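Colleague: Whatever this is, show me its structure:
(one chain, ligands or ions: 2)
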Amino acid sequence: MSKLFIKTFGCQMNEYDSSKMADVLKASHGYEVTSDPEAADLLLFNTCSVREKAQEKVFSELGKWKEWKEAKPGRVIGVGGCVASQEGEALAKRARIVDLVFGPQTLHRLPQLLEQTRSTHRPAVDIRFPEIEKFDNLPEPRAEGPSAFVSIMEGCSKYCTFCIVPYTRGEEMSRPLDDVLAEVSSLLDQGVREITLLGQNVNAYRGAMAGDGGTCDLALLIHILARFETLGRIRFTTSHPAEFSDSLIEAYAVEPKLASGVHLPVQSGSDRILGMMKRGYTQAQYLDKIRRLRQARPDLALSSDFIIGFPSETEEDFEQTMAMIDAARVDAAYSFIYSARPGTPAANLRDNISLDVKQQRLERLQTRIRQIGDEYARGLIGTTQKVLVEKTARNPGQLSGKTPCNRPLNFDGPASLIGQFVNIQVAEVLTNSLRGRLLGPAE
Ligand code: SAM
Ligand code: F3S
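Modeller: Ligands and ions are numbered 1, 2, ... in the order given. Below is the predicted model:
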């Protein structure tokens with residue numbers, strides 16, 4: 001049996017794509033996934049280029065893989081994802097050990113690329129964006145546990161001035177509604193109870209509907225999915241504030257299956273910086289959406305993304321970000337120092353802030369969000385949370401799941417509960433998780 005090793009960097013979309021690579025190669029060549037690179041015949045690297053550091057990792061990692069290739073010359077090495085998409089042929093020229101270069105939209109062609117490199121003994125490269133063809137060429141989804149991801153759209157057409165994604169993943173493309181429903185049905189038949197809808201800009205979803213030729217947006221999709229009886233919870237990530245429509249906000253008021261955690265990247269609280277980033281909203285507009293979301297769903301948890309030290313960011317701009325964090329009560333975030341990405345409009349701006357200042361700002365922001373996160377978590381003590389039991393926890397005898405607001409929660413219970421919704425009373429806040437007491441089934 002041939003073995004496949006995949007190393008994944010970056011976002012959840014990449015995690016999803018990696019699982020699809022494994023499915024495609026199992027169906028075509030019978031590859032079994034291994035966690036041991038030494039045992040692998042085919043090694044794939046799914047890359048991220050959103051920041052320079054992530055991109056550098058590709059080449060340092062490939063340096064390590066050189067030895068593995070030399071030890072077993074028949075081994076095939078492939079690079080996929082955003083760095084592959086950006087570099088194309090140049091990647092195979094720079095790293096001679098690479099046999100396959102493929103992009104996020106061509107991973108379904110891996111079997112053909114593999115045959116091509118085997119017969120020509122030359123690198124096989126395919127980084128095109130062939131419409132939505134990818135999804136038509138993937139095998140039936142395989143459920144691994146009670147919670148599953150379903151990608152509903154690809155790419156991004158927002159072109160924020162700092163971001164490489166529209167160039168590496170292409171423009172927004174939505175899967176037809178019927179395709180999404182078929183994938184969800186198949187997962188539900190395999191025992192899945194929770195679906196996370198995925199997209200680089202998931203609330204820009206506009207899926208073609210059969211029949212009248214209309215389109216389905218994310219709010220409508222959520223209402224349609226909620227009608228599947230065995231589907232207990234719906235999540236989505238990652239969304240854009242400008243696409244957070246009134247009907248999507250309304251869904252939080254009327255659809256209990258929609259989870260209470262929202263990830264809504266804001267990037268900055270300064271209107272001047274938001275304008276330079278071309279984000280398409282002001283701080284006041286962002287806060288207004290959050291206010292209305294909390295009206296619809298009072299226990300809402302809000303996570304966000306921040307970029308610190310965008311060119312010309314002043315102390316005043318940064319203070320506005322800090323004020324916005326308090327006003328919106330952001331309780332978790334991915335926050336990084338700005339990284340200039342070649343080819344993006346912002347890369348031409350002068351980076352005039354010292355690394356020291358950027359690091360201090362990042363530290364202040366992260367400390368404040370951690371405080372709000374701790375306060376939020378402590379507020380959960382004594383409450384009853386409906387949790388989907390996902391797996392056994394690391395501590396023997398304990399099970400693990402997530403609250404509606406997406407916090408990991410561990411509790412004592414029998415493994416037979418995996419795959420069911422249970423009520424848990426939160427008892428304790430630990431560093432990265434909650435601990436609670438099982439009250440009983442929640443259905
Ligand atoms: N669709 C999402 C939105 O509404 O913003 C963002 C998806 S983006 C791939 C993920 C995150 O990467 C962004 O929210 C941003 O914070 C971060 N990011 C993107 N480009 C960056 C850059 N050049 N430097 C630092 N962080 C960056
Ligand atoms: Fe990037 Fe902005 Fe799209 S951050 S993924 S261009 S919404």
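
Colleague: going forward, measure contacts and count neighbours with C-alpha atoms only.
Modeller: Will do.

Colleague: Can you spell out which helices and strands pack onto the longest helix belonging to the chain?
Modeller: Looking across the chain with DSSP state H, the single longest helix is helix 355-379. When contacts are defined as 3 or more Cα pairs under 8 Å, 6 or more residues apart in numbering; DSSP states H and E, helix 355-379 sits against strand 301-308, helix 315-328, strand 332-337, strand 421-429.

Colleague: All the strands of the stretch 151-300 of the chain, in order from the start?
Modeller: In the stretch 151-300 of the chain, the strands defined using DSSP state E, counting those that start in this stretch lie at 153-154, 173-174, 194-198, 207-208, 215-216, 233-237, 261-263.

Colleague: Tell me which of the ones you listed is the most buried.
Modeller: Mean neighbour counts were taken over the strands of the stretch 151-300 of the chain using mean count of other Cα atoms under 10 Å, and the top value, a mean of 26, falls to strand 153-154.

Colleague: right, is it up against ligand 1?
Modeller: No: under the criterion of Cα under 6 Å from any ligand atom, ligand 1 is not reached by strand 153-154; the shortest gap measures 11.0 Å.

Colleague: hmm, that strand touching ligand 2?
Modeller: No: under the criterion of Cα under 6 Å from any ligand atom, ligand 2 is not reached by strand 153-154; the shortest gap measures 10.0 Å.

Colleague: What residues does the protein have near ligand 1?
Modeller: Contact residues (Cα under 6 Å from any ligand atom) of the chain with ligand 1: 50-51, 162-163, 165, 200-201, 238-240, 265, 267, 305-307, 336-341.

Colleague: I'd like to know which of those residues are part of helices.
Modeller: Going by DSSP H, the helices hold Val165 from these.

Colleague: Within reach of ligand 2, which of the residues of the chain next to ligand 1 are there?
Modeller: With Cα under 6 Å from any ligand atom as the criterion, the residues of the chain next to ligand 1 include 163, 165, 200 near ligand 2.

Colleague: ok, the last one touching Cys156?
Modeller: Yes: proximity of Gln200 to Cys156 meets the contact threshold set by Cα atoms under 8 Å, at 6.2 Å.

Colleague: Which residues are in contact with Val125?
Modeller: The contact partners of Val125, by Cα atoms under 8 Å, 6 or more residues apart in numbering, come to 88-89, 100-102, 113.

Colleague: Next step: these restricted to strands.
Modeller: Among those, DSSP state E puts 100-102 in strands.

Colleague: Out of those residues, the closest to ligand 1 would be?
Modeller: Phe102 (18.7 Å; Cα to the nearest ligand atom).

Colleague: so where do the helices sit in this structure?
Modeller: With DSSP H applied, the chain shows helices at 12-29, 52-71, 81-87, 89-94, 110-120, 133-136, 165-169, 177-189, 218-226, 246-254, 271-277, 283-296, 315-328, 355-379, listed in chain order.
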